[in-house]
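S.K.: Got a predicted structure plus its sequence, pasted below:
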Amino acid sequence: MIGTVLDAILMLLLVSAIAYGVRLDRRLKAVREGQAAFAGAIAELNSAAGRAESALKTLREAGQETDLLHDRIVKARALKQELEGLLAREGREVRTAMAAVPAAEPKLKMAPGADPATDLYGKLESLAVAPDVPGEAAERFAPVLQALAANHAAKQSLNRARRSLDEDLFAA
């Protein structure tokens, strides 16, 4: 009889241990699932941090390029003002030199039998004839044209940098 009671107590203890083991197994499964989700969240966080770091690097580079372009634009504007002054002075010199040299009358080409008052071709041809400009004066304007082209290129590059910066900011 004592053996039967002890066997019954032992069976109850074993059943309670099995029930506790089942509950513990369920909790461990939930922890493992949470751990997998947590690992996925950490991987996403690392990926987002990498993208943010590369976006910041690109942003810094764009900022440096913008600063460089701004400096170039400031220098180009100063050069433009200086060149405008030179052009004004050279323009006066060219006008005085042109006034001293008698202007050559352009030869009008007319169609055979055309009236000089209504000959459109002849008028256009006479407008297309350029006055003779000394070679030295033409060479003086070459740096001006180069500076204007450089200024235009700098503006285009700055606009590209701004667009790239906007795209990087809105893409992130």
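M.R.: It's in.
S.K.: Okay, now the unreliable bits of the protein?
M.R.: The model of the chain has pLDDT under 70 over residues 94-95, 97-138, 141, 172.
S.K.: how about the helices of it, start to end?
M.R.: Shown for the chain, the helices assigned by DSSP state H span residues 2-100, 120-128, 135-171.
S.K.: will you turn those helices into TSV that also has mean neighbour count?
M.R.: Just so you know, the C-beta spots here come from the backbone N, C-alpha and C atoms, and that holds for glycine as well. What follows is these, written out as TSV (neighbours: other CB atoms under 10 Å):
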stretch	mean neighbour count
helix 2-100	11
helix 120-128	12
helix 135-171	13
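S.K.: residues in contact with Glu167?
M.R.: Listed by CB atoms under 8 Å, 6 or more residues apart in numbering, the contact set of Glu167 is empty.
S.K.: Now Arg72: closest residue in space, sequence neighbours ignored.
M.R.: Nearest non-adjacent residue to Arg72, counting by CB to CB, 6 or more residues apart in numbering: Ala154, 4.8 Å away.
S.K.: That neighbour contacts Lys75, doesn't it?
M.R.: No: contact between Ala154 and Lys75 fails when scored by CB atoms under 8 Å: they sit 9.1 Å apart.
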